[in-house]
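**Q** Quick one, structure for this:
(4 chains)
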Protein chains: 2
Amino acid sequence: MLLSSLSLDSASATPVYVQVAQGLAQRIESGQLRAGSALPAERELAAALGVSRVTVRQALALLSQQGLLTRRHGSGTFVTPPPRPGELPSRTLGLLSSFSEDVRSRGQVPGARVLGFERTRPSAQEAMSLALSPGELVYRLRRLRTADGEPLAIEDSTLPAALVGELRPEEVQDASLYALLSARALSPARAIRHLRALNADLTLAPLLGVPVGAALLATDRVSWLAGGRPIEYARAHYRGDRYDFVMELQGGA
Amino acid sequence: MLLSSLSLDSASATPVYVQVAQGLAQRIESGQLRAGSALPAERELAAALGVSRVTVRQALALLSQQGLLTRRHGSGTFVTPPPRPGELPSRTLGLLSSFSEDVRSRGQVPGARVLGFERTRPSAQEAMSLALSPGELVYRLRRLRTADGEPLAIEDSTLPAALVGELRPEEVQDASLYALLSARALSPARAIRHLRALNADLTLAPLLGVPVGAALLATDRVSWLAGGRPIEYARAHYRGDRYDFVMELQGGA
DNA sequence: CAGTGGTCTAGACCACTGA
DNA sequence: CAGTGGTCTAGACCACTGC
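**A** Coordinates of the predicted model:
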């Protein structure tokens, strides 16, 4: 069998499970294990390699963590399909766009499911970002955003209640938030967005359908009206395996 | 003891190790476990909670994966210090800047260590991004980029050899690559950068000093000269816990 | 229902840290 | 040197998948 040729050295400084992981990773990258194909069962691997099942599982967990393998309970362990789906037509870069527009420009169908909606007092973070005076209320909206029906991001939006006026739960169900603001002449004119990477925690992972620890692209965005008043503070956590940002840069130096 | 109050239900649908992790996470977030403080030893926790050490380790691994805990071999398990360091003065946004400039604008001292330098044939990816005709050679440079001496990113740069001319190993040691190009009148005028999040693999993790699976911010950038010829293809992998990108967006709609 | 991954156990030894 | 996390074992049972 292909895999038993993996030579392990229990005396080596690198742990056995890392050796197993490296061996498998190499076979995946070299194409000896094709994308989508199933690996031998854990017990089979353990027997073939002469190690315990726990050790095999440690190796598989490592590779699954890196996204190389996909594990399906009751079904098997598979080589994760090709790297990235498709890059798409270059979009309007550096322009403010809503999630919906963004997804559409990639040729997919955007969707949203409201996970929470409330009118409440802002957190310290929200109050600061929106430059609210103490006591001012905000609307807080948490939505699962989808592309072609698949979970893509969790988006938390916070808006100053005084600025947007009455906002009913039904209104935020499906419409784009930007469309809703636009209808009230509250279109943002400028925004600053921070991006960073973090690991999915126990709350976000199940919502996005990824394993705990999966890499997420996290963004914080503050949007201002033309007049300079903050209109939205939004945090979003995108699945790292399904999304990428594009930005265009102009030469300065 | 504080921790033994963690009530576990082995009959529950949520696995015991998740229950343990959630309990610990809650105690960390609520401040009952202060940042920097040490957790009880694994064997101690296992005894206190009435579960096996393996189960405790699974819980700790989960939290460590999320960055909540830091484990030090031979020393102990600690609550990871505060969240993010400091956001810094708003920088020139949407402008091309080198790693060095970028780090300096955050008030830190940039550094570089060359991990590899070669003159070779381009990969398919590189050839496509740089619009090279078959057979054209490239310089390929891999550097560990540091901020205040701490590893921040792995940067892989590829440049068309024909365009940059002779490039000696010594030249790329410490200088900014942009400075070097600038000196040859090869300053890029425009660039497009893609950003996404991925988990650190077995190669990158040790170089950056993070555990396998840690979230990394990955970027691909292609830079063009004013004339439209591609001058650099660069891939970088930033530590997710030490870096964030800032972009400014202008209202379109 | 057979086969798969998911969870859990008890116990052993190694490797590193720090007083 | 005592205490810590890191690795590894053999074996058990559960929960899900798909025929």
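**Q** In the stretch 151-253 of chain A, where is pLDDT below threshold?
**A** A:175, A:252-253 (pLDDT under 70).
**Q** So which residues of the stretch 1-150 of chain A form strands?
**A** Taking DSSP state E, counting those that start in this stretch, the strands of the stretch 1-150 of chain A run over residues A:69-72, A:76-79, A:110-120, A:138-147, A:150-160.
**Q** so does the third one get close to chain B?
**A** It stands for strand A:110-120. No - Strand A:110-120 lies out of reach of chain B by Cβ under 8 Å from any Cβ of the partner chain, never closer than 15.2 Å. Every residue, glycine included, has its C-beta placed from N, CA and C.
**Q** list the helices and strands that strand packs on?
**A** On a contact count with 3 or more Cβ pairs under 8 Å, 6 or more residues apart in numbering or on different chains; DSSP states H and E, strand A:110-120 meets helix A:99-105, strand A:138-147.
**Q** try the first one
**A** Contact here means 3+ Cβ pairs under 8 Å, 6+ apart; on that basis strand A:69-72 packs against helix A:53-65, strand A:76-79.
**Q** Which residues does that strand contact?
**A** With contact meaning Cβ atoms under 8 Å, 6 or more residues apart in numbering or on different chains, strand A:69-72 is reached by A:Leu24, A:Ile28, A:Leu39, A:Leu60, A:Leu63, A:Ser64, A:Thr77, A:Phe78, A:Val79, A:Thr80.
**Q** tell me the contacts of the third one?
**A** Taking Cβ under 8 Å, 6+ apart as the definition of contact, the neighbours of A:Leu39 are A:Leu24, A:Leu33, A:Leu45, A:Leu60, A:Leu69, A:Gly76, A:Thr77, A:Phe78, A:Val79.
**Q** which among these end up buried?
**A** A:Leu24, A:Leu33, A:Leu45, A:Leu60, A:Leu69, A:Thr77, A:Phe78, A:Val79 (16 or more other Cβ atoms under 10 Å in any protein chain shown).
**Q** Could you check the pLDDT of A:Leu144?
**A** pLDDT recorded at A:Leu144 is 93.
**Q** Tell me who's in contact with it.
**A** A:Ala112, A:Arg113, A:Leu115, A:Pro151, A:Ala153, A:Ile154, A:Glu155, A:Leu207, A:Leu208.
**Q** Going through those residues, which ones are buried?
**A** Buried among those by 16+ other Cβ under 10 Å: A:Ala112, A:Pro151, A:Ala153, A:Ile154, A:Glu155, A:Leu207, A:Leu208.
**Q** what bridges to the fourth one?
**A** It stands for A:Ile154. With DSSP bridges as the criterion, A:Ile154 is bridged to A:Leu144, A:His237.
**Q** ok, what's across the strand from the residue nearest to A:Leu130 when sequence neighbours are not counted?
**A** Leaving aside its sequence neighbours, A:Leu130 sits nearest to A:Pro230 (Cβ to Cβ, 6 or more residues apart in numbering or on different chains; 4.5 Å). Beta-bridge pairing of A:Pro230 under DSSP bridges involves A:Trp224.
**Q** What is the burial count for A:Pro230?
**A** 19 (other Cβ atoms under 10 Å in any protein chain shown).
**Q** Pipe the helices and strands packed on strand A:110-120 into a markdown table and attach distance to A:Leu49 per row.
**A** Output for those, formatted as a markdown table (distance: least, Cβ to Cβ, whole Å):
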| stretch | distance to A:Leu49 |
| --- | --- |
| helix A:99-105 | 44 |
| strand A:138-147 | 40 |
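**Q** Please identify the deepest-packed of these.
**A** Greatest average neighbour count among the helices and strands packed on strand A:110-120 goes to strand A:138-147 (a mean of 20), per mean count of other Cβ atoms under 10 Å in any protein chain shown.
**Q** Now for the residue in the stretch 51-200 of chain A that chain B sits nearest to: which residues touch it?
**A** Distances between the stretch 51-200 of chain A and chain B by Cβ to the nearest Cβ are smallest at A:Ala197, namely 3.3 Å. The neighbourhood of A:Ala197, defined by Cβ under 8 Å, 6+ apart, consists of A:215-218, A:240, B:197-198, B:215-218, B:238, B:240.
**Q** With A:Arg145 instead?
**A** A:Phe99, A:Val103, A:Pro110, A:Gly111, A:Ala112, A:Pro151, A:Leu152, A:Ala153, A:Ile154, A:Glu155, A:Ala236.
**Q** now do A:Leu225
**A** A:Leu186, A:Ser187, A:Pro188, A:Ala189, A:Ile231.
**Q** if we can go back for a sec, contacting residues for the residue nearest to A:Leu130?
**A** Applying Cβ under 8 Å, 6+ apart to A:Pro230 gives the contacts A:Ser129, A:Leu130, A:Ala131, A:Pro160, A:Val222, A:Ser223, A:Trp224.
**Q** Pull the number of nearby residues for whichever residue of chain A sits closest to DNA strand D.
**A** Residue of chain A nearest DNA strand D, by Cβ to the nearest atom of the strand: A:Gly74 (2.3 Å). For A:Gly74, the number of neighbouring residues by other Cβ under 10 Å comes to 4.
**Q** returning to what we had before: got a quick ChimeraX command for the buried subset of the contacts of A:Leu225?
**A** Remark: buried members of the contacts of A:Leu225, expressed as a ChimeraX selection using 16+ other Cβ under 10 Å:
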select /A:186,187,188,189,231
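**Q** one step back: by mean pLDDT, show me the worst of the helices and strands packed on strand A:110-120.
**A** When I compare these, helix A:99-105 is least confident, with a mean of 85.
**Q** which other helices and strands contact that one?
**A** Judged by 3+ Cβ pairs under 8 Å, 6+ apart, helix A:99-105 is in contact with strand A:110-120, strand A:138-147, strand A:150-160, helix A:177-183.
**Q** what distance separates it from the middle of the whole chain?
**A** Between the centre of helix A:99-105 and the centre of its chain there are 15 Å (Cα atoms, centre = their mean, to the nearest Å).
**Q** And for stretch A:157-169?
**A** Per Cα atoms, centre = their mean, the centroid offset for stretch A:157-169 relative to its chain is 26 Å.
**Q** now the end-to-end length of it.
**A** 14 Å (Cα to Cα, to the nearest Å).
**Q** Report the buried residues of that stretch.
**A** In stretch A:157-169, counting by 16+ other Cβ under 10 Å, buried: A:Ser157, A:Thr158, A:Leu159, A:Pro160, A:Ala161, A:Leu163, A:Val164, A:Leu167.
**Q** and if you look at stretch A:29-37?
**A** Counting neighbours by 16+ other Cβ under 10 Å, the buried set in stretch A:29-37 is A:Leu33.
**Q** Give me the mean pLDDT for it.
**A** 87.
**Q** could you check whether that stretch is close to DNA strand C?
**A** No - on the criterion Cβ under 7 Å from any atom of the strand, stretch A:29-37 is out of touch with DNA strand C, staying 12.0 Å away.
**Q** Out of the contacts of A:Leu225, name the ones that lie in strands.
**A** Among those, the members falling in strands (DSSP state E) are A:Ile231.
**Q** which pair in the contacts of A:Leu225 spans the largest distance?
**A** A:Leu186 and A:Ala189 (10.3 Å; Cβ to Cβ).
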